[in-house]
Structures are given as structure tokens and as C-alpha cells.
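*Asks:* Build me a model:
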Amino acid sequence: MSVKSRTGSGTVFRIVLRADNREIAEPAAALLEIRPTRSGRVLVVDDEQMLCNAIERILGADHDVTTVTSAREALSRLGAGERFDLILCDLMMPEMTGMDLYDELQQSMAEQAAKFIFMSGGAFTDNARAFLARSRNEIIDKPFRGAGLRQVVARFLQLESSSGTGASSIGPIASGGGRGQNGPNGGIERDLCVPQLRR
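*Replies:* So this is what the prediction gives:
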């Protein structure tokens, strides 16, 4: 610290602060991030095209993503023989709901019904509440952030891979690639913007 004073001009105080060269610790959130270990086939079923496009952008670097805007189109693809490692499906849709699609698959393709994670904006009918009470599938609340969604998908595929029930794995993801490794809020706690995942 130095002081210079001149009559009629005032006083100047100069303070020099030394830079701290210590490394800044990486936030705990980044350390807790679940890295995708393999690429999977993901089907997105939602009647909002913009949301489908957004999810495809979020997951597309790491996974093979197919989007449809109706449950009937999803049923048609599955009926034609397509199989997926994960199905992200909106709970409430016009004409045929996600619940209807799930119940249909339970009768004809139970292994695909087990791949469901439901998405919901929170508007539940009595029928939806009853469905969720009996369903063993998980549900994530909208809106959600990209980093959180990537983690939910990575965790689901890891569990599927460890149990040996993956439907159609595409293979491992190259080290250092994919937008899934650069999420700003990669932690697993809900207050770090990971979708609320519940049963």
C-alpha cells in the first residue's frame, strides 16, 4: 500500500493485491456427474414437437434418438419390430395417452414396457394418479435441464447394462466425446437441476 499527497490536489491511496495462484477446486456437482458409458437407442414420445426436438439435441450426441409426436406412431414402430433401450414418454397426450401405450405394450411387448420413463408437466387426472400408484416405472417432472436429462438416461442405461437387459446397444461412447460430458450442472441432487426422478 502506498500514499501520495499533493497540496491542492488531494491524496492518492494505491493498494496492490497479490494474485492467489492456488487451483480452484472443481465444484462437487461436476465430480458427481454420471458419465454415459455406452450409447443406446432412445425413443421419445411427446405431442409437443419442440420438446421432441430439444430432447433430440440434448441426447443426440451420445445416443441414437428417435422422436414421434403420438403414442399411436410409437406403437406402430414397435409393432413393426423396432426395439429401444429407453422410451421417454409423455404421460398425458391427446387420443392415446402414454398410459394407454404402456398398457398396450404390457400385453404384447412387456420387455419394451419395462423401458419406460414417463415425463409429466404435473397436471394429473384421477386416472393418471391411479396409474402412477400401480406403475413401477419412473417419472420425471417437466421442465428439466439438459445436464439432468443426460444423467437420468446414463444412469438408466448403466442399470440396464449391468442387469444384461439392454435391448439394442449401439456400443461404447468414445472417451472425451459427446455433449453429455460438458453439462454445467452434472450433480445427482435434485437442487442441482437434475430432473425429479420418482416412482
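*Asks:* Go through the strand or helix carrying Ala128 and flag the buried ones.
*Replies:* Per DSSP states H and E, Ala128 falls inside helix 126-134. Residues of helix 126-134 classed as buried: 128, 131-132 (neighbour count, 16 or more other CB atoms under 10 Å). (Each C-beta comes from the backbone N, C-alpha and C, glycine too.)
*Asks:* what does stretch 137-154 give?
*Replies:* Those would be 137, 139-140, 144-154, for stretch 137-154 by 16+ other CB under 10 Å.
*Asks:* Just the ones of the residues you listed in helices?
*Replies:* Among the buried residues of stretch 137-154, the members found in helices (DSSP state H) are 146-154.
*Asks:* Closest one of those residues to Gly121?
*Replies:* Each of those was checked against Gly121 using CB to CB; the closest is Leu149, at 14.9 Å.
*Asks:* residues contacting the closest one?
*Replies:* Residues in contact with Leu149 (CB atoms under 8 Å, 6 or more residues apart in numbering) are 55, 58-59, 140, 195.
*Asks:* before we move on, what about Leu43?
*Replies:* By CB under 8 Å, 6+ apart, Leu43 lies in contact with 66-68, 74, 77, 82, 84, 86-89.
*Asks:* try 6 Å
*Replies:* By CB atoms under 6 Å, 6 or more residues apart in numbering, the contact list for Leu43 reads 66, 84, 87.
*Asks:* Look at it and give its secondary structure.
*Replies:* With DSSP: H, G, I helix; E, B strand; the rest coil as the basis, Leu43 sits in strand.
*Asks:* so it bridges to which residues?
*Replies:* With DSSP bridges as the criterion, Leu43 is bridged to Thr66, Ile87.
*Asks:* tell me the helices in this protein, going along the chain?
*Replies:* Along the chain, the segments classed as helices by DSSP H run 28-31, 49-59, 71-79, 98-108, 110-113, 126-134, 146-163.
*Asks:* Go through those helices and name the closest to Thr7.
*Replies:* Per CB to CB, nearest to Thr7 of the helices of the chain: helix 28-31, 55.9 Å.
*Asks:* Now that closest one: average pLDDT?
*Replies:* Average pLDDT, helix 28-31: 42.
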